[in-house]
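Student: Structure of the sequence below:
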Amino acid sequence: MPQPDELERQELGVRLRAEREYLGFSQDEVAEALSITRSAVSLIESGQRKVEVFELKRLAALFGKSVGYLTGDEVKSKTSEPVRALARLAKGLSPGDIDELQKFAEFLRSRAGKSKRGRSNG
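Tutor: All right, here's what the predicted structure looks like:
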């Protein structure tokens, strides 16, 4: 029977793998961000390797989550689902495309603001 530390390590690995896959990162990309090998990422995700504190901090930054969220201490994500979905879609866009996407989002926000003001007057 697995020890409590082993269970926690496995649960952490499951959460890390889920976040990586959700955001569309490969194990190679995560490995590069952490300066470790792809096989080390695989071992972390399977709960067979301990995660160093500095690695956990880098993973939190890479995934846009808090360390507490990744460890299961914080239940809710601070990032809304629509924002996470947009981030996934924007991954891999060129800097110019990201700039265009930002301008379009600003346009939509300003249009929504005008629409709300128009409704409150009528």
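Student: switch to C-alpha atoms for all contacts and neighbour counts from now on
Tutor: Fine.
Student: just checking, what packs against the biggest helix by length in the chain?
Tutor: The longest helix of the chain (DSSP state H) is helix 95-121. On a contact count with 3 or more C-alpha pairs under 8 Å, 6 or more residues apart in numbering; DSSP states H and E, helix 95-121 meets no helix or strand.
Student: how close does the residue lying closest to residue 15 once chain neighbours are set aside sit to residue 36?
Tutor: Setting aside the residues directly before and after it, residue 15 is nearest to residue 70 in space (C-alpha to C-alpha, 6 or more residues apart in numbering), at 6.5 Å. Separation of residue 70 from residue 36 (C-alpha to C-alpha, to the nearest Å): 19 Å.
Student: Tell me which of these two has more neighbours.
Tutor: residue 70 (23 against 13; other C-alpha atoms under 10 Å).
Student: State the helix or strand in which the more buried one lies.
Tutor: Using DSSP states H and E, residue 70 falls within helix 67-71.
Student: Can you name the element that comes right after that helix?
Tutor: helix 81-90.
Student: Determine the angle, from 0 to 180 degrees, between that following helix and helix 95-121.
Tutor: Orientation check (axes from the mean of the first three to the mean of the last three C-alpha atoms, to 10 degrees): helix 81-90 against helix 95-121 gives 150 degrees.
Student: So what touches helix 81-90?
Tutor: 22-24, 98 (C-alpha atoms under 8 Å, 6 or more residues apart in numbering).
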